[in-house]
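> have a look; sequence and predicted model below, questions after that.
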Amino acid sequence: MPETVRAVALASPSEVPQLAAALGNALVSPVESELCLLIPDPEDDREALENVLRGRTAAVGHTVPLNDAGSSVRWARRLLELTPPPGAPGGAVNGSVNGGIGNNQDGKVLFVDDHLSMLLLLQDESLACALSSRWLGPLAELTPRQSERLEVTLLAWLESGGAPEAAKTLQVHPQTVRYRLRQIEKLFGSALRDPRTRFELEMTLRGRRLLGQIRRQRTRAGRRARTVAAGVRPLGVAREARVNGL
């Protein structure tokens, strides 16, 4: 038995036995009533694994000791939950600029190792909301539009380290960023000069951005489901229409 393993979570669990046969050295085990694929963890097999999984929606967990395989399974499944289905616009986060998943339209396999910070921030949505309440209080009296503008600007500044760099990220003039930063400084005061506060604010804003994108993803998924349901005619109605020549 291998000392360390990684889990592979599939959008279609019925494919687990087929993939296990293709990989040759994989373990198949039920975890929480669902078949799971566990693979040994040689560090140089990523490209081979991507080739086997090509065209499928899948997530590969982090490396763990065999007796802790459940942890790799849990986070692989969580990453899969945050992944938009093939063909869906957007994602939990889009692209490398936002540090997230992006569009999984091509079924590209995702690795937990590439999304550790995102998964950490989103492991508990209630705590992410509590962080927002704790650190973004100074923005509470603003309109939603004003608050969003300052949040985006503050996060860009924290991530990039300067007004010119933040302006490039936001695609606005540097003077616009400086004006917004003066507004932010009036609201937050000297706290922005404290490294711990800046860290907490960046973590809070990143989590808030991720949550917003996940909620939009869920809303789109709900709308698609309602659209599909509305377009399905009951079988009895269809038969009656044919009988009446309609």
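It's in.

> distance of the residue nearest to Val152 when sequence neighbours are not counted relative to Ser160?
Excluding its sequence neighbours, the residue lying closest to Val152 (Cβ to Cβ, 6 or more residues apart in numbering) is Leu170, at 6.7 Å. Heads up, the C-betas are built off the backbone N, CA and C, glycines and all. The gap separating Leu170 from Ser160 is 10 Å, by Cβ to Cβ, to the nearest Å.

> neighbour-wise, which of those two wins?
Taking neighbours as other Cβ atoms under 10 Å, Leu170 and Ser160 compare with Leu170 leading, 19 against 16.

> that one and Arg182: what is the separation?
16 Å.

> can you give me the helices in this protein?
For the chain, applying DSSP state H gives helices covering 16-23, 46-53, 69-81, 116-121, 125-135, 144-160, 163-170, 174-188, 195-230, 235-243.

> quick check: buried residues in stretch 144-163?
149-160, 163 (16 or more other Cβ atoms under 10 Å).

> for Arg6, find the nearest of the helices of the chain.
Between Arg6 and the helices of the chain, the tightest spacing by Cβ to Cβ is seen for helix 69-81, at 5.5 Å.

> how many residues are close by the closest residue to Thr57 other than its chain neighbours?
Among residues not flanking Thr57 along the chain, Ala11 sits closest, at 3.9 Å (Cβ to Cβ, 6+ apart). Neighbours of Ala11 under the rule other Cβ under 10 Å: 15.

> same deal with Tyr179?
The burial count for Tyr179: 14, using other Cβ under 10 Å.

> show me where pLDDT drops low in the protein?
Scanning the chain for pLDDT under 70 picks out 42-44, 84-107, 220-222, 224-225, 228-246.

> just the CA trace of stretch 195-215, in PDB.
The C-alpha coordinates for stretch 195-215 follow below in PDB (Å, rounded to 0.1, in the frame of the first residue of the first chain):
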ATOM      1  CA  PRO A 195       0.600  45.400   9.000                       C
ATOM      2  CA  ARG A 196      -1.800  43.200  10.900                       C
ATOM      3  CA  THR A 197      -4.800  45.300   9.900                       C
ATOM      4  CA  ARG A 198      -3.700  45.400   6.300                       C
ATOM      5  CA  PHE A 199      -3.400  41.600   6.300                       C
ATOM      6  CA  GLU A 200      -6.900  41.200   7.900                       C
ATOM      7  CA  LEU A 201      -8.400  43.600   5.400                       C
ATOM      8  CA  GLU A 202      -6.900  41.800   2.400                       C
ATOM      9  CA  MET A 203      -8.000  38.400   3.700                       C
ATOM     10  CA  THR A 204     -11.500  39.900   4.300                       C
ATOM     11  CA  LEU A 205     -11.800  41.500   0.900                       C
ATOM     12  CA  ARG A 206     -10.500  38.400  -0.900                       C
ATOM     13  CA  GLY A 207     -13.100  36.300   0.900                       C
ATOM     14  CA  ARG A 208     -15.800  38.700   0.200                       C
ATOM     15  CA  ARG A 209     -15.000  38.800  -3.500                       C
ATOM     16  CA  LEU A 210     -14.900  35.000  -3.700                       C
ATOM     17  CA  LEU A 211     -18.300  34.700  -1.900                       C
ATOM     18  CA  GLY A 212     -19.800  37.200  -4.200                       C
ATOM     19  CA  GLN A 213     -18.700  35.300  -7.300                       C
ATOM     20  CA  ILE A 214     -19.900  32.000  -5.800                       C
ATOM     21  CA  ARG A 215     -23.300  33.500  -5.100                       C
END
